[in-house]
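# only geometry, no sequence info:
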C-alpha cells in the first residue's frame with residue numbers, strides 16, 4: 001500500500017470532521033459521541049459510552065487535576081483502555097472549546113491522523129462531548145484509546161543509559177517517526193520523554209496528543225518543529241550519552 005500523500009491526509013481529516021467513515025455516531029446519553037469503526041467494535045464502544053460520564057470502580061488513576069482526570073481501565077473483555085476526562089476551566093474555555101473545538105477533539109483527530117499515516121500512537125476508540133447552547137458551550141469531554149503498554153522513554157533511557165547499541169536502535173526508531181511527522185507537517189506540541197511510551201519489544205507510541213498540529217503551513221510549522229526539538233532535547237540533562245545520540249533525531 002502506498003503511503004498517503006498530504007492531500008490524502010487532508011481529505012481524510014475532512015471526512016472525520018464531517019462524521020463520515022472511519023467514524024460513526026454513538027449513543028451516549030446527552031453527549032455528542034462517535035467511535036472509530038476501524039478500531040472499536042460496536043459492543044466495545046457501547047461499554048465505553050457507559051463510563052464516559054465519570055470513572056467507575058476499577059479505574060486506575062494516573063492524574064487528577066482541575067482540568068482533566070486520566071487513568072486506565074480493563075473492559076469486560078479484558079481489553080486495556082486509557083481514559084481521559086476533560087473539564088474546561090472557566091467560562092472562557094467553555095465557550096472557546098465550544099466554538100473553536102476542544103483539546104479532547106484535537107487529540108481525537110490527531111490519534112486518527114497519526115494512525116492513518118503510520119506514526120505509532122494508541123488507536124482512538126470513542127469521543128464524547130457534552131455541548132449546550134447549540135454547541136457554543138462545551139461542558140465536558142471524554143476520550144478513550146487503547147492503553148499503550150510499557151514505560152516512558154525517560155524511564156527506558158534511565159535503565160539503558162550506558163547501552164550504546166540499544167540507544168542507537170531507539171534513535172533510529174525516533175528518527176523514522178519524526179521524519180514522517182515532518183513529511184506531513186505534524187508537530188506534537190508537548191514532546192516530553194514521558195509522552196513517548198516504550199513497550200517490552202522497544203517499540204514506541206506517542207501519547208498525550210492534545211497539542212498536536214497537523215498539515216501546518218510552512219512558516220508556522222518551522223517554529224512548532226523548533227519548539228518540539230527544544231522540548232525533546234531538554235529531557236536528557238542527566239543522560240549525556242542519550243543526549244548525544246538523540247541530538248539529531250528531529251529533522
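Structure's in. What do you need? Please read all numbers here as calculations on a predicted model, not as lab measurements.
# From residue 242, how far off is the most far-flung residue of the chain relative to its centre?
Centroid-distance maximum for the chain: residue 162 at 29.8 Å, with CA atoms, centre = their mean. Taking CB to CB, to the nearest Å as the measure, residue 162 falls 10 Å from residue 242. From N, CA and C alone the C-beta is placed, and that goes for glycine too.
# Work out the gap between stretch 173-192 and the centre of the chain.
What separates the centre of stretch 173-192 from the centre of its chain is 13 Å, taken as CA atoms, centre = their mean, to the nearest Å.
# Pull out the buried residues from it.
173-174, 177-178, 180-181, 183-191 (16 or more other CB atoms under 10 Å).
# of these, closest to residue 95?
The nearest member of the buried residues of stretch 173-192 to residue 95, counting by CB to CB, is residue 189 at 22.2 Å.
# so what's the nearest residue to the closest one once chain neighbours are set aside up against?
Leaving aside its chain neighbours, residue 189 sits nearest to residue 211 (2.8 Å; criterion: CB to CB, 6 or more residues apart in numbering). With contact set as CB atoms under 8 Å, 6 or more residues apart in numbering, residue 211 has these partners: 103, 106, 188, 189, 190.
# ok, which pair from those residues is furthest apart?
With CB to CB as the measure, no two of the contacts of residue 211 lie farther apart than 103 and 188, at 13.6 Å.
# Just the element for residue 69, please.
Using DSSP states H and E, residue 69 sits in strand 68-74.
# helices or strands next to the helix or strand that that strand is followed by in the packing?
On the C-terminal side of strand 68-74, the closest following helix or strand by DSSP H and E is strand 80-86. Strand 80-86 is packed against strand 68-74, helix 103-117, strand 137-146, with contacts defined by 3 or more CB pairs under 8 Å, 6 or more residues apart in numbering; DSSP states H and E.
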